[in-house]
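Asks: what's the 3D shape of this:
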Amino acid sequence: MHTPNIRAMLGGAFLLMSVLIPISSAQSLSISSEHPNLQSMSVETQGSGTDVILIPGLASSRAIWADLASDLQLSHRVHILELAGFANTPAMSNRDGKVIAPVVDAIAEYIRTQHLKAPAIVGHSLGGEIALMLGARHPDLVGRLMIVDALPFYTLMLDPAATSETASRHAGATRDWMLAQSPEEFIAFQKTSIARLAKTEAVRPALVAAGLSSDRKTIADAVYELMVTDLRPELGRIRAPIEVVYAYDALFGVPASNVDEMYRRAYIAAPDIHFTRIDDSFHFIMLDQPERFSSAVESFLNK
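Replies: This is a model prediction of the structure:
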């Protein structure tokens, strides 16, 4: 388990934290017990206009979208999610080990109960996986999808020939390793991981703090689910147009063309897809290149 490849993969893809920046002028949605699926997430709304749903990544606060939401609320009604067990939203006590799939059902239920009409969905990393699954399993509910620095099968970064079955052993070992870390080891791992996720050094301490405020079992279960979930066979069911925005930096140590090829090959089954690469950025594109990212989102929404 303690191989450099596993640690690098986790540090570069799975511990997707966010900054603790307060969102102002937000209204919290009161989750009713009449809709138990909705208890797997919390929602805050801002602004008015056409609907946009923002989904953060693993162990991320909704505050990752603070700057973007501030701009979007001038012409959109923005729904900013936070998953149960991540950042400031309490973990669910009766989970069956699944994190991603229940949130997909919760978002679908939210769209229906709030009478949203073909909302645009923007998901970062694990949130991108959620957005893809939502588009594939509830194609009539979404208008368009933006997938931010996310793949339909994360284990491809470790093994391009991986399958859900071959990934399960590594996924189980990874989950067990995360749960077995001492508090000191977990803190050190967060710091090392965040250095690979955010190029902007000033935001790193807050990113670490966000991860440490999350429920570790929820994080570990979500990592397992990410590693064994292969959505490539489901991409053909998505009817909404897809925009994939991904990061590249020379510090990745591979040519940009390799990263381009990895994304295009992973999404080859998607019928309506466009790719936008944002350079000089690590995983948290919205923090490392906020202006370019905001421009990409505006272009996506206005197509």
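
Asks: pLDDT below threshold where in this structure?
Replies: 1-38, 94-95 (pLDDT under 70).

Asks: one more time with 50
Replies: 1-36 (pLDDT under 50).

Asks: If you count residues, where's the longest helix of it?
Replies: Secondary structure of the chain per DSSP state H: the longest helix is helix 164-180.

Asks: Other residues contacting that helix?
Replies: The contact list for helix 164-180 (CB atoms under 8 Å, 6 or more residues apart in numbering) reads 1-2, 6, 10, 153, 155, 158-159, 186, 216-217, 219-221, 223-224, 227-230. The C-beta positions use only the backbone N, C-alpha and C, and glycine is treated the same way.

Asks: The spatially closest residue to Gly143 that is not a sequence neighbour and Ser193: what is the separation?
Replies: Ranked by CB to CB, 6 or more residues apart in numbering and with sequence neighbours excluded, the top spatial neighbour of Gly143 is Ala118, at 3.3 Å. For Ala118, the distance to Ser193 equals 36 Å [CB to CB, to the nearest Å].

Asks: same thing with Leu287?
Replies: Taking CB to CB, one finds Leu287 at 15 Å from Ser193.

Asks: out of the contacts of helix 164-180, which are buried?
Replies: Buried members of these, counted by 16 or more other CB atoms under 10 Å: 10, 153, 155, 158, 186, 216-217, 219-221, 223-224, 227-230.

Asks: re earlier: just the ones of the contacts of helix 164-180 in helices?
Replies: Reading helices off the contacts of helix 164-180 with DSSP H, I get Ile6, Phe186, Arg216, Lys217, Ile219, Ala220, Asp221, Val223, Tyr224, Met227, Val228.

Asks: How about the contacts made by the last one?
Replies: For Val228, the residues meeting the contact criterion (CB under 8 Å, 6+ apart) are Thr155, Ser164, Ala167, Ser168, Ala171.

Asks: Which among those residues count as buried?
Replies: Thr155, Ala167, Ala171.

Asks: Gln289 contacts Phe282, correct?
Replies: No - assessed by CB atoms under 8 Å, Gln289 is found out of contact with Phe282, at 9.6 Å.

Asks: burial measure for Val122, as a count.
Replies: Using other CB atoms under 10 Å, Val122 has 28 other residues around it.

Asks: hang on, it in a helix?
Replies: No - per DSSP: H, G, I helix; E, B strand; the rest coil, Val122 lies outside any helix segment and is strand.
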